[in-house]
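Enquirer: I would like the atomic coordinates for the input below:
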Amino acid sequence: MSIHHRLIAGTYRPIRLFKSIAGSVRRSSPENLRVLLCHDISPGDQDRFAAQLRWLARSWTFVSPARFAAMVLGEERIRGRNLLVTFDDGFASNRVVAEKVLNPMGVLAIFFAVSDFVAMEDRAEARRFIADRVQPGSDPDELPAHWRNMGWTDLEALLEQGHHIGAHTRSHARLSMVNEEGELKREIVSSADVLERRLGVPVEHFAYPFGDLASFSERALTVARGRFRFVHSGLRGDNERRVSQFALRRDASAGQDSSSNYSVFSNSLLGAFLEGATDFRYARSRGRLDAWCRSVDDASGHGQLA
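Expert: Below is the predicted model of the structure:
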């Protein structure tokens, strides 16, 4: 763990103590609605990830995608500390984790799939796609050995198990680099349409690749706003305070090491992130994304979907 992360992890217990004392004084429970952003969970990390979810369950309530949607839309009041689990990109490990970790705990998640990636049947082609599009600049031969894609049967199995499928573009494009309107629609709209036709279910959630504000744009948001009910970012923050359904915040659950592996954060580090220890660092980006939402709403002549 880096020194920077050690410092953040060290804030977890003080923040929890402060919130406990503040809650006792107010005689009220905190109200939170946060989203956990996961990617690949390696075979060696799956037991650790399971233990981490059990640890989180001691102080958070895992909510289903349906309950999360109701809370965001104001159809259900947010009470207590609520956490939605999501996975991006469509790594094959996602189905394994769903069946070995999530399902036994009764945790339902959203799996954001890249439509071109899902359709690939050749393992070598899928690994080249990861190296070119998901981890740009990587060497396919140096990627973790277990990295490959989920296929259509995997997504169908996840749906049968009660999970939801969301869209994550057609080719994992950095949407801020896509300027042509038609190409934006192919990446954002057509990818979701392909998922809907193949799976036979509505696709209402969209997460843009890479997650930072520099990888998105107001034009891309306009297109996504016209197709989906919910748009997810990768910006840390709480969704409790009337956050737009088109500017949802998510907290990454892992970092990446020098070998491109996703390394699951320690309990104290992830706990600190979920307590909001670094939310201030993303305030400017969240503000800009919120401003884009208002601008798109004004241009469309109506407010948020309900």
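Enquirer: any idea how far residue 221 lies from residue 99?
Expert: 34 Å (CB to CB, to the nearest Å). Bear in mind the C-beta positions are built from the backbone N, C-alpha and C, glycine included.
Enquirer: go on, residue 87?
Expert: If you measure residue 87 against residue 99 using CB to CB, the figure is 13 Å.
Enquirer: who has more neighbours, those two?
Expert: residue 87 (30 against 13; other CB atoms under 10 Å).
Enquirer: first to last residue in stretch 173-188, what's the distance?
Expert: Length of stretch 173-188, first residue to last, CA to CA, to the nearest Å: 9 Å.
Enquirer: could you point out the helix or strand that follows the longest strand along the chain?
Expert: Identified as the longest strand of the chain according to DSSP state E is strand 81-89. Using DSSP states H and E, the helix or strand that follows strand 81-89 towards the C-terminus is helix 93-97.
Enquirer: elements contacting that next one?
Expert: Contacts defined by 3 or more CB pairs under 8 Å, 6 or more residues apart in numbering; DSSP states H and E place helix 93-97 against helix 46-56, helix 152-160.
Enquirer: show me what it is in contact with.
Expert: Helix 93-97 has contacts (CB atoms under 8 Å, 6 or more residues apart in numbering) with 40-43, 46, 49, 87, 111, 146, 150, 154, 157-158.
Enquirer: ok so, going back, only alpha carbons, please: show the longest strand of the chain as CSV.
Expert: Output in CSV follows, covering the C-alpha atoms of strand 81-89 (Å, rounded to 0.1, in the frame of the first residue of the first chain):
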residue,chain,number,x,y,z
ARG,A,81,-26.4,3.3,5.0
ASN,A,82,-27.0,1.7,1.6
LEU,A,83,-24.6,0.2,-0.8
LEU,A,84,-25.1,-1.0,-4.4
VAL,A,85,-22.5,-3.3,-6.0
THR,A,86,-21.5,-2.9,-9.7
PHE,A,87,-18.9,-4.4,-12.0
ASP,A,88,-17.5,-2.8,-15.2
ASP,A,89,-16.1,-4.2,-18.4
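Enquirer: what's that strand packed up against?
Expert: strand 32-38, strand 61-62, helix 65-72, strand 109-113.
Enquirer: deepest-packed of these, please.
Expert: strand 109-113 (a mean of 27; mean count of other CB atoms under 10 Å).
Enquirer: what would the contacts of helix 93-97 look like in JSON lines with distance to residue 172 and pLDDT?
Expert: Output for the contacts of helix 93-97, formatted as JSON lines (distance: CB to CB, whole Å; pLDDT from 0 to 100):
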{"residue": "40", "distance to residue 172": "14", "pLDDT": "96"}
{"residue": "41", "distance to residue 172": "19", "pLDDT": "96"}
{"residue": "42", "distance to residue 172": "20", "pLDDT": "94"}
{"residue": "43", "distance to residue 172": "23", "pLDDT": "95"}
{"residue": "46", "distance to residue 172": "24", "pLDDT": "95"}
{"residue": "49", "distance to residue 172": "23", "pLDDT": "96"}
{"residue": "87", "distance to residue 172": "14", "pLDDT": "98"}
{"residue": "111", "distance to residue 172": "14", "pLDDT": "98"}
{"residue": "146", "distance to residue 172": "19", "pLDDT": "95"}
{"residue": "150", "distance to residue 172": "14", "pLDDT": "98"}
{"residue": "154", "distance to residue 172": "17", "pLDDT": "98"}
{"residue": "157", "distance to residue 172": "22", "pLDDT": "98"}
{"residue": "158", "distance to residue 172": "19", "pLDDT": "98"}
